[in-house]
Every structure is written in structure tokens, then in C-alpha cells.
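Trainee: Provided below are the primary sequence and the corresponding predicted coordinates.
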Amino acid sequence: MGKFENADEWIEAELNETLDEMFEAEFNEPILSQETREYIKKIYRGKKPKTLENRVYFKNLLKLQGELIKLQNWVENTGAKILIICEGRDSAGKGGVIKRITQRLNPRVARVVALPPPSEREQTQWYFQRYVPHLPAGGEIVLFDRSWYNRAGVEKVMEFATKDQVEQFYRDVPDFERMLIRSGIILLKYWFSISDEEQQLRFLMRKDPLKQWKYQT
């Protein structure tokens, strides 16, 4: 923390400085269409939703990110292997949470894996095969932005996988994950969910030109 005598001084200095562009972009007023404005009025029935003040949010975020740095140091010093799986509904906030987790961590220790749809060759392989090269080695933290659970979610719903393939996945995944744990990997799995109304609102909010890229992910 350099010139600061304690963590509180450092946090205060961080709060008083201009926060990085990523945070600023998150809190910029979106360009809302009339359709979006009407939908907001409908789902909140004229009441303002409960939210944290930005200053309270950032202060708590910085403290938690400090704890993550301690975790990172522990992982480096002990050679631990941590795998974090982030799954959930579209627009539930997986990407935002991952950004907050990794923002102040060393990218040589913590990395994010977000695989594209499988290639034709990968579709002929053992289902879990394309994920294996991305598993953490000693002293690493790996976050999966979606994972092999696609087979039980998107692939099942969109019928990209057959019923037999999905059933085979259900049988295989417990054994696969037990193998990971026996190898020394610390496996953490998180599911992100929001209501149908909130999801629809977030889809409408994506019409903000600054967020158009999300349609392509």
C-alpha cells in the first residue's frame, strides 16, 4: 500500500481517485429507449429498486478484493489449484462478477476461460476433453465463464445435444469431477439466477450502444 499506513487510508484514496474505465462504464447512464423506460415502470410499479450507493459498493468491493489478493498469495505459496465454475441464466451477471474477482489479481496466477462453441473435430471427442487443457496447475486460479454444464443447459434446451448425449453427461459428470478433486483441485461451482422480469429488462438495456457487443458473446 506504499505511503498509506493502513487499509482504510488506501481504500479512501482509491474511492477519491477516478476509478478505472471499466467501473465508470458500468455506472454510466444507459441510452434508454421508450420501450425500456415503460418496461422499467411496469416491473417496478413506480417504485425505485433497492440499490447500494456507489461509494458503499466500491468500499466493500475493495475490501473483498483485498481478501482475494490474500487468497492469491496463499495459492502461490502453497501450490494450490483452484477451479471456479460460473454458470447461470443469460444476463444474470456472470461476466461482471468474474471481472470484479480478477480485476486486481495477477493474470499469471488467475485466468479466465470462456470457450467458443466446439469445432467439428471437438464434437467428435470425449465431451470433457476440450476443457482438460484449461484446468489449473499448481499455484493457479482458473475461472470458467460457462463450462461443461453447457451440455445440461444451453445444449439441451437448444437441442444441440441429443437426449442420449445429455443422459450420458448426467452419468459422467460426477465421476469426472471426483477425478478433479482427487487430483488436488479445489472445485467451486456457482449458479447465477435472476427473475424473468429482470432478465427481460437486462436484454432491453443491452440496446445501449456501449453494450451491443454482448449480443455476439
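Mentor: Alright, I've got the coordinates.
Trainee: in the chain, which helix or strand is least confident?
Mentor: In the chain, no helix or strand scores lower on mean pLDDT, DSSP states H and E than helix 21-27, which sits at a mean of 50.
Trainee: which element follows the longest helix belonging to the chain toward the C-terminus?
Mentor: Ranked by residue count under DSSP state H, the longest helix found in the chain is helix 54-78. Once the chain leaves helix 54-78, the next helix or strand it forms, by DSSP states H and E, is strand 81-88.
Trainee: so what's E38 scoring on pLDDT?
Mentor: On the pLDDT scale, E38 is placed at 67.
Trainee: now the strands: where do they sit in this structure?
Mentor: 81-88, 110-113, 140-145, 185-192 (DSSP state E).
Trainee: I'd like those written out as a markdown table, with mean pLDDT added.
Mentor: Below are those laid out as a markdown table (pLDDT from 0 to 100):
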| stretch | mean pLDDT |
| --- | --- |
| strand 81-88 | 96 |
| strand 110-113 | 98 |
| strand 140-145 | 98 |
| strand 185-192 | 96 |
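Trainee: Is it possible to get a markdown table of those that adds distance to E122?
Mentor: All C-beta atoms are positioned from the backbone trio N, CA, C, and that covers glycine. Below are those laid out as a markdown table (distance: least, CB to CB, whole Å):
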| stretch | distance to E122 |
| --- | --- |
| strand 81-88 | 19 |
| strand 110-113 | 14 |
| strand 140-145 | 16 |
| strand 185-192 | 22 |
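Trainee: Kindly reformat those as TSV containing mean neighbour count and distance to L71.
Mentor: TSV is the format used below for those (neighbours: other CB atoms under 10 Å; distance: least, CB to CB, whole Å):
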stretch	mean neighbour count	distance to L71
strand 81-88	20	8
strand 110-113	18	9
strand 140-145	21	8
strand 185-192	14	11
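Trainee: Kindly state which of those is positioned closest to R55.
Mentor: With CB to CB as the criterion, R55 lies closest to strand 185-192 of the strands of the chain, at 24.9 Å.
Trainee: Mind listing the strands the closest one pairs with, and their directions?
Mentor: strand 81-88 (parallel) (DSSP bridges).
Trainee: how many degrees apart are the strand it pairs with and strand 140-145 in direction?
Mentor: 10 degrees (axes from the mean of the first three to the mean of the last three CA atoms, to 10 degrees).
Trainee: and the gap between R178 and L187?
Mentor: Note on R178: its distance to L187, by CB to CB, to the nearest Å, is 10 Å.
Trainee: nope, K59 is what I meant
Mentor: According to CB to CB, K59 stands 31 Å off from L187.
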